[in-house]
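Colleague: model the structure of this input:
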Amino acid sequence: MDNALRLLELIGERHALRVSDAAELLAVAPSTAHRLLNSLRGRGFVLQDKPNGAYRPGPVLNEIGLAAIGRIDIRRVAHPMLEDLVEQTQETASLSLLEGRNVRFVDCVESPRSVRVGSRTGVVLPAHCTAAGKAILAALPPAELTRRYADRELTARTDSSISDWSALEKELDEIRDAGFAVNIEEGEAGVSAVSAALRDLTSAPLASIAVVVPANRMPSAQAADSFVPAVLRAQESIQELLRSQL
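Modeller: Predicted structure coming up:
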């Protein structure tokens, strides 16, 4: 137990640790270090981007760190940007966190329009069916994405939902290239969105910010283009503020 905790400290300090280095620092056999690191990987405390690669902080450590600074702090930092997004776009803006295979909306500012998407705070949806969730999934290291979806099973919520793993992988690649995600009625009929991930100092995804729009005002991915610049500006502003506090 003591060696496992020391490994977590070392990975937190160094951000990357190889088996040989771990064995030397702990004064244990490489096989022992490998066994401990594999156990930590199985629980999500560390991850590897490729076989035999270095171990890095995993999602559980990020979640613990997030809890340590308090989710309310992320909401506090992001909320003014949500208000700015609403002012710029006249559409509802939201902040979301990844929980397992789901995404939870933790803050929201509603559009002033009479026809709008209402507050989604507290709502939980499958991550692969939302722009907010797909933005975070695309930002995960490949090994962590595989761990979360080991069975590759996807449940559709609407006729537009992605239900095929290969199709999801292809879209996540496109999101990585573009820097933002789009959802056209995939999580809920009549609701579309544009989202971008918020990353920490190690580039691990912490959350996502989104503009959420009635589908009749965003009927296609092309129609989302007008919202992308505002979302990306808000993303960068929030990340700068978060990094100054982490």
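Colleague: pLDDT at the most centrally placed residue in the chain, what is it?
Modeller: In the chain, the residue lying closest to the centroid (Cα atoms, centre = their mean) is Ile136, at 2.6 Å. On pLDDT, Ile136 comes in at 97.
Colleague: quick one: classify it as helix, strand or coil.
Modeller: On the three-state scheme (DSSP: H, G, I helix; E, B strand; the rest coil), Ile136 is labelled helix.
Colleague: quick check: buried residues in stretch 89-108?
Modeller: For stretch 89-108, a neighbour-count test (16 or more other Cβ atoms under 10 Å) marks 89, 91-98, 102-108 as buried. Bear in mind the C-beta positions are built from the backbone N, C-alpha and C, glycine included.
Colleague: which element follows the one helix or strand in the chain whose mean pLDDT sits lowest toward the C-terminus?
Modeller: Lowest by mean pLDDT, DSSP states H and E among the helices and strands of the chain is helix 59-69, with a mean of 54. Once the chain leaves helix 59-69, the next helix or strand it forms, by DSSP states H and E, is helix 71-89.
Colleague: return the distance of stretch 211-226 from the chain's centre.
Modeller: In terms of Cα atoms, centre = their mean, to the nearest Å, the centre of stretch 211-226 is found 21 Å from the chain centre.
Colleague: now do it, average pLDDT.
Modeller: Mean predicted lDDT for stretch 211-226 stands at 96.
Colleague: which parts of it are buried?
Modeller: Here stretch 211-226 shows 211-215, 217-218, 223-224 as buried, counting by 16+ other Cβ under 10 Å.
Colleague: now do the helices in this structure.
Modeller: Along the chain, counting by DSSP state H, helices occupy 2-14, 19-26, 30-42, 59-69, 71-89, 131-139, 142-148, 165-178, 228-243.
Colleague: so what's His34 closest to, chain neighbours aside?
Modeller: Val19 (5.0 Å; Cβ to Cβ, 6 or more residues apart in numbering).
Colleague: what's the burial count for that neighbour?
Modeller: By the criterion of other Cβ atoms under 10 Å, Val19 has 19 neighbours.
Colleague: domain parsing for the chain?
Modeller: Listed by automatic domain parsing, the domain ranges of the chain are 2-57, 70-243.
Colleague: how far does the last one sit from its chain's centre?
Modeller: Read it as domain 70-243. Using Cα atoms, centre = their mean, the offset of domain 70-243 from its chain centre is 8 Å.
Colleague: returning to what we had before: how about a markdown table for the buried residues of stretch 211-226, with distance to Pro30 added?
Modeller: Formatted as a markdown table, the buried residues of stretch 211-226 follow (distance: Cβ to Cβ, whole Å):
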| residue | distance to Pro30 |
| --- | --- |
| Val211 | 50 |
| Val212 | 50 |
| Val213 | 54 |
| Pro214 | 58 |
| Ala215 | 55 |
| Arg217 | 58 |
| Met218 | 54 |
| Ala223 | 55 |
| Ala224 | 50 |
